[in-house]
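> After the sequence you'll find the predicted model.
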Amino acid sequence: MIDLYTWGTPNGRKVSIMLEECGLAYQVHKINIGTNTEQFTPEYLQINPNGKIPSIVDSDGPGGQSVSVMESGAILIYLAEKTGRFIPAAPLVRIECMQWLMFQMASVGPMFGQCHHFLRAAKEPVPYAIDRYVREKDRLYGVLDRRLGEVPFLAGEYSIADMATWPWVARHEWHQTDLANHPNVRRWFETIGAREAVKRGMLVP
């Protein structure tokens, strides 16, 4: 059994989608990051010293030992290696998967997240920040659209790179993006969104 500590965010839903795709048994523990307290309890900091979500505890880790894993990208890699699924075995294709996963971790998530903050949550408009992050968000959509014009999925085949990126694109309305302007992204988004495991994963918690 895997214990999943999560909340309803793109980073959290990456992991619930992967768990559903792999058919792994898991139990959900809600960590309400909106209170700014639950993620900083001593008990949770033992699992995730950074006080963020998501985290997992796998009672059947390597060698049958319990293991905790933090950081959504690391969790996806861990689960992919545990199950042998959604990460290519061939070295060159595996590199494609890993680089697009890191593209999400380093660029899509942070930039889309800043876009969400300054468009939706900032106490007052900050024109410089809005312009900066909207421009970068648009640039990243261009990168995604060009890539997805060449291949059906980010690594060529459906993988953890797609699972990492899809929940962020699912909030395209939050960052004021019309997917009609990015037809390759829209095709990819609709294809993945039709998967039953993705539908289930998006409902967690």
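Structure's in. What do you need?

> Export the longest helix anywhere in the chain to PDB, keeping only CA atoms.
Counting by DSSP state H, the longest helix found in the chain is helix 127-148. Output in PDB follows, covering the C-alpha atoms of helix 127-148 (Å, rounded to 0.1, in the frame of the first residue of the first chain):
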ATOM      1  CA  PRO A 127       1.900  44.900 -14.200                       C
ATOM      2  CA  TYR A 128       5.600  44.100 -14.500                       C
ATOM      3  CA  ALA A 129       5.200  40.600 -13.000                       C
ATOM      4  CA  ILE A 130       2.100  39.900 -15.000                       C
ATOM      5  CA  ASP A 131       3.800  40.900 -18.300                       C
ATOM      6  CA  ARG A 132       6.900  38.900 -17.400                       C
ATOM      7  CA  TYR A 133       5.100  35.700 -16.500                       C
ATOM      8  CA  VAL A 134       2.400  35.800 -19.200                       C
ATOM      9  CA  ARG A 135       5.100  36.300 -21.900                       C
ATOM     10  CA  GLU A 136       7.100  33.400 -20.600                       C
ATOM     11  CA  LYS A 137       4.000  31.200 -20.300                       C
ATOM     12  CA  ASP A 138       3.200  32.000 -23.900                       C
ATOM     13  CA  ARG A 139       6.700  31.200 -25.000                       C
ATOM     14  CA  LEU A 140       6.500  27.800 -23.200                       C
ATOM     15  CA  TYR A 141       3.200  27.000 -25.000                       C
ATOM     16  CA  GLY A 142       5.000  27.700 -28.200                       C
ATOM     17  CA  VAL A 143       7.700  25.200 -27.200                       C
ATOM     18  CA  LEU A 144       5.100  22.600 -26.300                       C
ATOM     19  CA  ASP A 145       3.100  23.200 -29.500                       C
ATOM     20  CA  ARG A 146       6.200  22.800 -31.800                       C
ATOM     21  CA  ARG A 147       7.200  19.600 -30.000                       C
ATOM     22  CA  LEU A 148       3.700  18.100 -30.200                       C
END
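
> Mind giving me the packing neighbours of that helix?
Other elements packing on helix 127-148 under the criterion 3 or more CB pairs under 8 Å, 6 or more residues apart in numbering; DSSP states H and E are helix 109-116, helix 183-193. C-beta here means a position set from N, CA and C on the backbone, and glycine is covered the same way.

> Looking at the ones you listed, which is nearest to Met98?
Across these, Met98 has its closest neighbour in helix 109-116 (15.6 Å, CB to CB).

> residue ranges for the strands of the chain, please.
Using DSSP state E, the strands of the chain run over residues 2-6, 26-30, 55-58, 67-70.

> and the third one, which strands flank it?
The reference is to strand 55-58. Paired neighbours of strand 55-58 in the sheet (DSSP bridges): strand 2-6 (antiparallel), strand 67-70 (antiparallel).

> avg pLDDT for it?
In this model, strand 55-58 has a mean pLDDT of 98.

> which residues touch Ala197?
Ile17, Glu20, Glu21 (CB atoms under 8 Å, 6 or more residues apart in numbering).
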